[in-house]
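**Q** build me a model from this:
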Amino acid sequence: MTEKNLKFDSLWVLDKCLSIRLERGGEYGDLKLYKKDVVTLIASEYRGGPGENGRKEEASASSKDPAKAPNEYEGAALLKYRVNGRAKYLPIPHIVAKPDIYGQ
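**A** As a prediction, this is how the structure comes out:
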């Protein structure tokens, strides 16, 4: 494990607050991180939990009350993460859109 407890929390982009989940080599969720790990951060409006008939459904953030980032930032997004329980913020200067991948 890393020397410090590191957790990724939220991403603010386009007046929305997105939740973050991790992916590493086909594993998802609350992963223990090790030095030199390479992980993918997946930002989504999905908040989890079953919907009708046990299906998982996506829950959008309320459009009446867009989430405001806790800090002013320049760039495309703001990432919130925690180191040993203390909140830290990292501005993301730009986002490059990739084409959708179907059939995976």
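
**Q** any idea how far Y102 is from the residue sitting nearest the centre point of the chain?
**A** Closest to where the C-alpha atoms of the chain average out (C-alpha atoms, centre = their mean) is I20, at 2.0 Å. I20 sits 24 Å away from Y102, going by C-beta to C-beta, to the nearest Å. (C-beta placed from N, C-alpha, C; glycine too.)

**Q** next one: V83
**A** Going from V83 to Y102 by C-beta to C-beta gives 37 Å.

**Q** and those two? Which one has more around it.
**A** Neighbours per residue, other C-beta atoms under 10 Å: of V83 and Y102, the larger number sits with V83, 12 against 5.

**Q** in its sheet, what does the worst-scoring helix or strand of the chain on mean pLDDT sit against?
**A** In the chain, no helix or strand scores lower on mean pLDDT, DSSP states H and E than strand 27-29, which sits at a mean of 82. The strands beside strand 27-29 in its sheet (DSSP bridges) come out as strand 16-24 (antiparallel).

**Q** state the mean pLDDT of the strand it pairs with.
**A** Averaging pLDDT along strand 16-24 gives 88.

**Q** any stretches of this structure with poor pLDDT?
**A** 1-3, 46-67, 103-104 (pLDDT under 70).

**Q** start and end of stretch 10-20, how far apart?
**A** 5 Å (C-alpha to C-alpha, to the nearest Å).

**Q** actually stretch 68-82, not the one I wrote
**A** 19 Å.

**Q** do the same with stretch 69-87
**A** Stretch 69-87 has an end-to-end distance of 13 Å (criterion: C-alpha to C-alpha).

**Q** how about that stretch: buried residues?
**A** A69, Y73, A77, L78, L79, K80, Y81 (16 or more other C-beta atoms under 10 Å).

**Q** residues near K32, how many?
**A** So K32, with other C-beta under 10 Å, has 10 neighbours.

**Q** how about it, phi and psi?
**A** Phi and psi for K32, reported as degrees, to the nearest 10, are phi -80, psi 130.
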